[in-house]
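[1] Please find the sequence and the predicted model below.
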Amino acid sequence: MIDLALIGIGTGNVDHLTAQAARAMNHADLILLPRKGDAKSDLIDLRRALCGQVLTVPVRVVEFDLPVRDAGDTDYLGAVQDWHAAIAELWRAQIAVHLPDGGSVALLIWGDPSLYDSSLRIADRLAQAGMDVAVRVIPGITSIQALTAAHAIPLNRLGGPVVITTGRMLRAHGWPPGADTVVVMLDGGCAFDTLPPDRISIWWGAYLGMAQEALIHGPLADVAPRIAAERAALRARHGWIMDVYLMRKDQSDAG
């Protein structure tokens, strides 16, 4: 029997880790840390540092290399499904090698496992493949919470709805119908540039909770070029970027 804990670690800032997450890490028999290539070496370094600061008892920590999704595949959903299958097989193989008689495994998930993260879907593949596995989720601070906290703003207007979407969907479909506040995640290329910028405000943040945190806020028409330039410079400097943004229509345009 494998007890699989998917632990939300927020942005990797140890101050954002919950007491429940710290307990789960210390009670694990095995912690698996994925490596995502040299360009994102900071991410594995953050996970290593987190383990070093949080673990108070001996826990086996094993690193493995994640496969790379084929970004050139025009069948986006098919490519993602293939990628998930490859990751699930890696999880299975690592567990088989390091916990052949069963036990507890922890995976450290950026943000929260329930929000635009596929760890739960990948874990389902283990059960579907016949592994005797029980999945637990330890919630974490999402990038949305970190963004609104960094800018000291509420997520929603009084009684107003919020739409959470991706850069790919925003680029394909534009502003979601009827939305007042839109949060955009997983945007690889400034999809806000596809919107008519008038009467929209944006709150953007990158590397939230990290030492290199960057924040920009203002009317979209004014700050969009600045965000694009800052984003490109930061990505060139660090080799990777994690960012998220919230946009809100002016009150006169809401609804």
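    The structure has been received and is ready for your questions. Model, not experiment: these values are computed from the prediction. Residues are numbered from 1 along each chain as shown.
[2] Now for this structure, the helix or strand with the poorest mean pLDDT.
    Of the helices and strands making up the chain, the lowest-confidence element is helix 41-54, at a mean of 88, by mean pLDDT, DSSP states H and E.
[3] Which residues in the helix or strand following that one does the neighbour count mark as buried?
    Next in sequence after helix 41-54, counting helices and strands by DSSP states H and E, comes strand 60-65. Residues of strand 60-65 classed as buried: Val61 (neighbour count, 16 or more other Cβ atoms under 10 Å). Where C-beta positions appear, they are placed from N, C-alpha and C, glycine not excepted.
[4] check which helix or strand covers the residue lying closest to Pro154 once chain neighbours are set aside.
    If you skip the residues right next to it in sequence, Pro154 has Thr148 as its closest partner in space, 6.8 Å away by Cβ to Cβ, 6 or more residues apart in numbering. Secondary structure here is read from DSSP H and E; on that basis Thr148 sits in helix 143-151.
[5] which other residues reach that helix?
    If you take Cβ atoms under 8 Å, 6 or more residues apart in numbering as the criterion, helix 143-151 is touched by 10-11, 16, 110-111, 115, 154-155, 164, 183, 185, 203, 205, 208-209, 213, 215, 217, 242, 244-246.
[6] burial of Gly188, as a residue count?
    Other residues near Gly188 come to 13 when the count uses other Cβ atoms under 10 Å.
[7] ok, now which ones touch the nearest residue to it once chain neighbours are set aside?
    Distances taken as Cβ to Cβ, 6+ apart put Gly167 closest to Gly188, at 6.0 Å, once the chain neighbours are dropped. Applying Cβ under 8 Å, 6+ apart, one finds that Gly167 lies in contact with 184-191.
[8] what do you get if the cut-off is 10 Å, keeping everything else the same?
    Taking Cβ atoms under 10 Å, 6 or more residues apart in numbering as the contact definition, Gly167 lies against 184-192, 194, 243-245.
[9] Repeat that for Ala123.
    By Cβ under 10 Å, 6+ apart, the residues touching Ala123 are 2, 4, 6, 88, 91, 107, 113, 131, 133-137.
[10] Looking at this protein, which helix is longest?
    Ranked by residue count under DSSP state H, the longest helix found in the chain is helix 76-98.
[11] got the contact list for that helix?
    When contacts are defined by Cβ under 10 Å, 6+ apart, helix 76-98 is touched by residues 2, 4, 29-30, 32, 34, 60, 62-73, 75, 102-103, 105, 107, 118-119, 121-131, 133, 168.
[12] Pull out the buried residues from stretch 14-26.
    For stretch 14-26, burial by neighbour count (16+ other Cβ under 10 Å) applies to 16-18, 21-22, 24-25.
[13] Check stretch 158-178 too.
    Of the residues in stretch 158-178, those buried under the neighbour-count criterion (16+ other Cβ under 10 Å) are 162-167, 169-171, 175.
[14] farthest pair in the residues you listed?
    Val162 and Arg171 (19.5 Å; Cβ to Cβ).
[15] Narrow the buried residues of stretch 158-178 to those in helices?
    Those of the buried residues of stretch 158-178 lying in helices (DSSP H): 167, 169-171.
[16] Now Ile109, what are its backbone angles?
    The phi and psi torsions at Ile109 (degrees, to the nearest 10) take the values phi -110, psi 130.
[17] sorry, that was for Pro58
    phi -70, psi 120.
[18] I'd like the distance from stretch 239-255 to the chain centre, please.
    A distance of 17 Å separates the centroid of the chain from that of stretch 239-255, by Cα atoms, centre = their mean, to the nearest Å.
[19] Could you chop this structure up by domain?
    Taking automatic domain parsing as the criterion, the chain consists of the domains 2-138, 143-253.
[20] ranking those domains by mean pLDDT, which is last?
    Mean pLDDT values for the domains of the chain show the minimum at domain 2-138, a mean of 91.
[21] Quote the end-to-end distance of it.
    Criterion Cα to Cα, to the nearest Å; first-to-last residue distance in domain 2-138 is 16 Å.
[22] what do you get for stretch 69-77?
    Taking Cα to Cα, the span from the opening residue of stretch 69-77 to its closing residue is 11 Å.
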